[in-house]
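1. Output the structure for:
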Amino acid sequence: MRIEQIYTNCLAEAAYYIESKGEAVVIDPLRDIEPYLERALLHKAKIKYIFLTHFHADFVSGHIDLAKRTGATIVFGPNAVADFDFHQAKDGEIFNIGDLTLEILHTPGHTMESISLLLRDAEGKEQCVFTGDALFIGDVGRPDLAVKSDLTQEDLARHLYKSLRNKIMPLPDDVVVYPNHGAGSACGKKMSKETFDTLGHQKEVNYALRADMTEDEFVKEVLTGLTTPPQYFPKNVMMNKSVNNDIEDILKKGCVPLDVATFKSMAEHKEALVLDCRSRIEFAEGHVPGALFIGLDGQFAPWVGALIENIKQPIILVAPFGREEEAVSRLARIGYDNSLGYLEGGLKKWKESGEKVETITSITASKMGEDFGKGINLTDVRKESEFLSEHVIGAINKPLDTLYDNLDWFDKNETYYVHCAGGYRSMIAASILKNHGVNNVIDVQGGFAAIKDETKLAISEYVCPSTLL
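-> Reported below is the predicted structural model:
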């Protein structure tokens, strides 16, 4: 028996590869399917089934491409409707993989087609349960993503309460819980950094599994503090119900080297967005005018999805050397399939061709602290909950994911010092502001962590209530 959790930090997503006696299944695969094919080839196994615990909102799944390559059967749970052939499993249905079995547990609540999968070994003992977005480590799936005219988020929360108590909690305490997401995903409120745990321990520490919790208490706690989901979530759901472009075709189109003249022409005449995904330091030191910074070494895909509203937007890349395909692939993971190429030779070639380069002023937290007494505009682009937890007294909170809606607040004649928690989001914010005429923007290196360590500025400390988590 082989069980592998294949975790992707950028999306805080866990896919699973299970194998026994030459047969394998994959649960919740990402769009780039090579890791699953490589495992099957290495272990001389045939992928028999591809299970989707639900129609995912935060990434585009690779189920169709993987089925084409392997001949495996795609399996969804009850209530699923899609534009392609799949097996619609029934609650309690059993699937055999070598000498293992997977039982379908219909666990509606996050979505109505949501399933969990209970794995039993050759002796019939329950080993683990793959819970999708029904149960996370420390949390449960948000019940507001599948709201319809006849189904409210309260309705979904009540379904989730029953699913957890009737299908998951009665399982043995030593069963291992393998969820689809961990900390950092927008599919829950307060997931743990741990990516698996025993059910027994979760019953002790997970607020949603309290034995004495009533249904009304569960609904109130689960719905309290939900923030607006990223704008690309419903778009990814629709893509997961449809047949999409083959990932290999997307990579072929997006991994085209573009000379400076072609790159410039595409930006000016084809309205292609210049997306710079190098390091924040490289971007600050010099970048193509008008480029949006979102670095690969961070939560690249989620911030692309949050900030680039048009999922079909033509994109041309300034990428770290040798990581161009990675950038195109990670864009495709969330449905941004219209990458058209990358700047050949990078910014070095751009400058050698005599093209204009823009910069972002980036200073240490210590320097910002020295300037603070002069009455500077300090803008904190962290989430509201982070800001309310603690912040520099006098700072103004403009969360990054709302920045485009708040551009009118910024005076183009003023200077703004911008910080986040560690420096990644503030550089994204600086690039957005500069692209919209706020030319005097200064990035604070190291963010709030550095401000606390390197300055004596007054900090407002406040325990964030559950309504803001």
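2. Show me where the stretch 201-350 of the chain has its helices.
-> Applying DSSP state H, counting those that start in this stretch to the stretch 201-350 of the chain gives helices spanning 215-223, 233-240, 247-254, 260-269, 280-285, 300-307, 324-332, 346-352.
3. Output those helices in CSV, with distance to residue 196 and mean pLDDT appended to each entry.
-> The way it works is simple: take the backbone N, C-alpha and C, and place the C-beta from them, glycine included. Listed next are those as CSV, based on distance: least, C-beta to C-beta, whole Å; pLDDT from 0 to 100:
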stretch, distance to residue 196, mean pLDDT
helix 215-223, 22, 95
helix 233-240, 24, 96
helix 247-254, 28, 95
helix 260-269, 44, 94
helix 280-285, 32, 97
helix 300-307, 22, 96
helix 324-332, 24, 97
helix 346-352, 40, 96
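4. want to throw the ones you listed into TSV with distance to residue 390 and mean neighbour count?
-> Shown next, in TSV, are the helices of the stretch 201-350 of the chain (distance: least, C-beta to C-beta, whole Å; neighbours: other C-beta atoms under 10 Å):
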stretch	distance to residue 390	mean neighbour count
helix 215-223	24	17
helix 233-240	29	19
helix 247-254	41	17
helix 260-269	40	16
helix 280-285	23	19
helix 300-307	23	23
helix 324-332	32	22
helix 346-352	37	16
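5. Identify whichever of the ones you listed lies nearest to residue 80.
-> Closest to residue 80 of those, according to C-beta to C-beta: helix 233-240, at 10.2 Å.
6. neighbouring contacts of the closest one?
-> 52, 55-61, 82, 145, 186, 305, 311, 334-335 (C-beta atoms under 8 Å, 6 or more residues apart in numbering).
7. about what we covered before: put together JSON lines for the helices of the stretch 201-350 of the chain, with distance to residue 380 on each row.
-> Shown next, in JSON lines, are the helices of the stretch 201-350 of the chain (distance: least, C-beta to C-beta, whole Å):
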{"stretch": "helix 215-223", "distance to residue 380": "27"}
{"stretch": "helix 233-240", "distance to residue 380": "25"}
{"stretch": "helix 247-254", "distance to residue 380": "35"}
{"stretch": "helix 260-269", "distance to residue 380": "31"}
{"stretch": "helix 280-285", "distance to residue 380": "17"}
{"stretch": "helix 300-307", "distance to residue 380": "17"}
{"stretch": "helix 324-332", "distance to residue 380": "27"}
{"stretch": "helix 346-352", "distance to residue 380": "29"}
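8. and stretch 78-87, how far from the chain's centre?
-> 24 Å (C-alpha atoms, centre = their mean, to the nearest Å).
9. Show me which positions of that stretch end up buried.
-> Buried residues in stretch 78-87, defined by neighbour count with 16 or more other C-beta atoms under 10 Å: 78, 80, 82, 86.
10. Now do that stretch, average pLDDT.
-> Computed over stretch 78-87, the mean pLDDT rounds to 96.
11. Of all the helices of the stretch 201-350 of the chain, which one is nearest residue 140?
-> Residue 140 lies closest to helix 215-223 among these, at 6.3 Å (C-beta to C-beta).
12. Against which helices or strands is that closest one packed?
-> Contacts defined by 3 or more C-beta pairs under 8 Å, 6 or more residues apart in numbering; DSSP states H and E place helix 215-223 against helix 153-163.
13. and the helix it packs on, average pLDDT?
-> So the average pLDDT for helix 153-163 ends up being 96.
14. Report the angle between that helix and helix 215-223.
-> Counting by axes from the mean of the first three to the mean of the last three C-alpha atoms, to 10 degrees, helix 153-163 points 120 degrees away from the direction of helix 215-223.
15. Identify each buried residue in helix 153-163, please.
-> Across helix 153-163, burial judged by 16+ other C-beta under 10 Å covers 153, 154, 155, 156, 157, 158, 159, 160, 161, 163.
16. so after it, what's the next helix or strand?
-> Next along the chain after helix 153-163, taking DSSP states H and E as the criterion, comes strand 176-179.
17. Quick check: of the contacts of helix 233-240, which has the highest neighbour count?
-> residue 59 (30 neighbours; other C-beta atoms under 10 Å).
18. who's in contact with that one?
-> Here residue 59 is in contact with 11, 13, 30, 31, 236, 301, 333, 334 (criterion: C-beta under 8 Å, 6+ apart).
19. Need the pLDDT of the second one.
-> Per-residue confidence at residue 13 stands at 94 (pLDDT).
20. Bridged to it, which residues?
-> Note on residue 13: beta-bridge partners by DSSP bridges are residue 8, residue 181.
21. Next one: it from residue 383, what distance?
-> According to C-beta to C-beta, to the nearest Å, residue 13 stands 20 Å off from residue 383.
22. Mind checking which of those two has more residues around it?
-> Taking neighbours as other C-beta under 10 Å, residue 13 and residue 383 compare with residue 13 leading, 24 against 20.
23. re earlier: looking at the helices of the stretch 201-350 of the chain, which is closest to residue 415?
-> Among the helices of the stretch 201-350 of the chain, helix 280-285 comes nearest to residue 415, with 16.1 Å by C-beta to C-beta.
24. how distant is that closest one from the center of its chain?
-> For helix 280-285, the distance to the chain centre is 24 Å (C-alpha atoms, centre = their mean).
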